[in-house]
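Visitor: Pasting a predicted model and its sequence here:
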Amino acid sequence: MSKAAEKAYKEAWIADIALLPSVELALELMLGDSNTIGYYFVDHDRRVIFWFEAHKSIHLMLDVRGVERKSHVKYALESEYWGHINLFPNKRCLPEDIVVRLKELLIHAQTEYIDLGASLSPFASDQVESMLGLIDPLMSSLNKENEHSVRIVARCMERFCIVNFLNFCGQPGARRNTNKLIYEYSDKRSDTILSRVMNLVMFGSPNAHRKVLHWILADKKIIQLGRYRNFTDRLSSEWNGYAIFSTVLLAVDISFLAIPFVQTQTSAILVSYLSTLCAMGSFVVTLVFARQLNDGRRYPAERVVSVIHVWNKSSIERLALMLSLPFAFLIWGVIFFAASLSIVIFRTSDVITVSIAYPIWVAIVILVTWPALAGHIGTLNNWIMRRTIRPMRWALHLKWHLRPGMSGVTSSSRV
């Protein structure tokens, strides 16, 4: 280690880097190779880390595209600086300006939660409120060597610097609210005929989940932790309900199949089998999702990282389809059971019973189908408008401007 330190200082001197007294050297054994020693310099005045040679780090840039300015890179370097302080908080004083800066950041985040209901802060609203209560105790540790207070402040500042870097803080086109996108996307896969058919088959559930996932994410990179927690809480509540309903439907299907006169109706038995399978599918998928969600609550940080990985590697479209499976299986199970019950009613009852039940059955089907298809009819009309009428309008508009004698108008419209 001593030879590695001597070499690092020598190379920094050769590179004409002035090492002030506020600069310290950090050395570490590289993972997987005990013979290689990594290094970086820590500048406590500027609160950044640096190297004596050109350094390219994908980890440092967090896979963020469009990083061009030094003022932007500074937030990434500062986050690494606070990560270093978090690892080595001993023998360090707690600067007063940093505690004041952290207090201002937390107050700003709390104001956004109160005013807008959302914030770009890395903490949820209840966490911000709790952390503001720690500021006054931290004031008693100002300019003192208290490693616990230093580490608390370092952890918070590290996360704020990461968020500032990801949101392009201080850069043109910076993200100023949770719904603003920095990059432009053309998500054509969500507008395909197959996705619309699947959305219809699953009774609009994929479209609802897709909107929520887009609401949680920004640029497929940032997860709004407050929204993410609310989303997982809502999923947990829904899946608990689906598990109960699936269990009830499964018991009803089995009891229905045990009725003696139902066993003589082959078509009713077949449809009831389909209902039973759908109920089992909903129950099993719900249990699998609930277990994964509970694992994520036991290990929240690792769970968030895994969710980011899934959403980056696979499309939100497929994730929305997966989350829609419990609801879709349950609804189809109920439909198949209703069909099986209808077969038994209309095949085993007399004319009077059928004449009374038939209009009521038709009215119930219409009333149930109405809200289920109301949203799809409007969506289908909008899709037809985009595919037919708007291109026709554009063609007529283009034909009008390309008429003889209109060339001057089209050429003068450019700026």
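Guide: Yep, it's here.

Visitor: what ranges of the stretch 51-200 of the chain fall below the confidence cut-off?
Guide: Scanning the stretch 51-200 of the chain with the threshold set as pLDDT under 70 gives 184-191.

Visitor: The stretch 301-415 of the chain now?
Guide: Using pLDDT under 70, the stretch 301-415 of the chain drops low at 301-315, 372-415.

Visitor: 90 instead, please
Guide: For the stretch 301-415 of the chain, applying pLDDT under 90 flags the ranges 301-323, 341-415.

Visitor: which residues does Tyr40 bridge with?
Guide: Ala26 (DSSP bridges).

Visitor: That one and Trp51 touch, don't they?
Guide: Yes. With contacts counted by C-beta atoms under 8 Å, Tyr40 reaches Trp51, the gap being 5.9 Å. Quick note: C-beta positions are derived from backbone N, CA and C, even for glycine.

Visitor: The two - which one has more neighbours?
Guide: Tyr40 (19 against 16; other C-beta atoms under 10 Å).

Visitor: For that one, give me its contacts.
Guide: 25-26, 49-51, 80, 84 (C-beta atoms under 8 Å, 6 or more residues apart in numbering).

Visitor: Just to be sure, Ser282 is in a helix?
Guide: Yes. Residue state for Ser282 (DSSP: H, G, I helix; E, B strand; the rest coil) corresponds to a helix.

Visitor: What are the boundaries of the strands in the stretch 51-200 of the chain?
Guide: With DSSP state E, counting those that start in this stretch, there are no strands along the stretch 51-200 of the chain.

Visitor: Now, the contacts of Tyr40 that are in helices?
Guide: Judged by DSSP state H, the subset of those located in helices is 80, 84.

Visitor: among the contacts of Tyr40, which two are most distant?
Guide: Spanning the widest gap among those are Leu25 and Glu80, at 14.7 Å by C-beta to C-beta.

Visitor: What segments of the stretch 151-300 of the chain are helices?
Guide: With DSSP state H, counting those that start in this stretch, the ranges of helices along the stretch 151-300 of the chain come out as 193-201, 205-216, 225-257, 266-298, 300-313.

Visitor: Just name the most buried of those helices.
Guide: Highest mean neighbour count of the helices of the stretch 151-300 of the chain: helix 205-216, a mean of 19 (counted as mean count of other C-beta atoms under 10 Å).

Visitor: Flag every buried residue along stretch 128-139.
Guide: Residues 128, 131, 134, 138 are the ones in stretch 128-139 that count as buried (16 or more other C-beta atoms under 10 Å).

Visitor: so, if you compare the residues you listed, which one comes nearest to Asn230?
Guide: Val128 (15.2 Å).

Visitor: Between Leu25 and Glu80, which has more neighbouring residues?
Guide: Between Leu25 and Glu80, Glu80 has the larger neighbour count (other C-beta under 10 Å), namely 20 against 14.

Visitor: For that one, give me its contacts.
Guide: 40, 48-49, 60.

Visitor: Next one: Met198 from Thr192, what distance?
Guide: 9 Å (C-beta to C-beta, to the nearest Å).

Visitor: Please disregard the earlier target; I meant Val67.
Guide: Using C-beta to C-beta, Val67 is found at 33 Å from Thr192.

Visitor: Just want to know which of these two has more residues nearby.
Guide: Taking other C-beta under 10 Å, Val67 and Thr192 do not tie; Val67 has more neighbours (16 against 11).

Visitor: Spatially nearest residue to that one (excluding sequence neighbours)?
Guide: Spatially, and ignoring its direct neighbours in sequence, Val67 is nearest to Met61 (5.8 Å; C-beta to C-beta, 6 or more residues apart in numbering).
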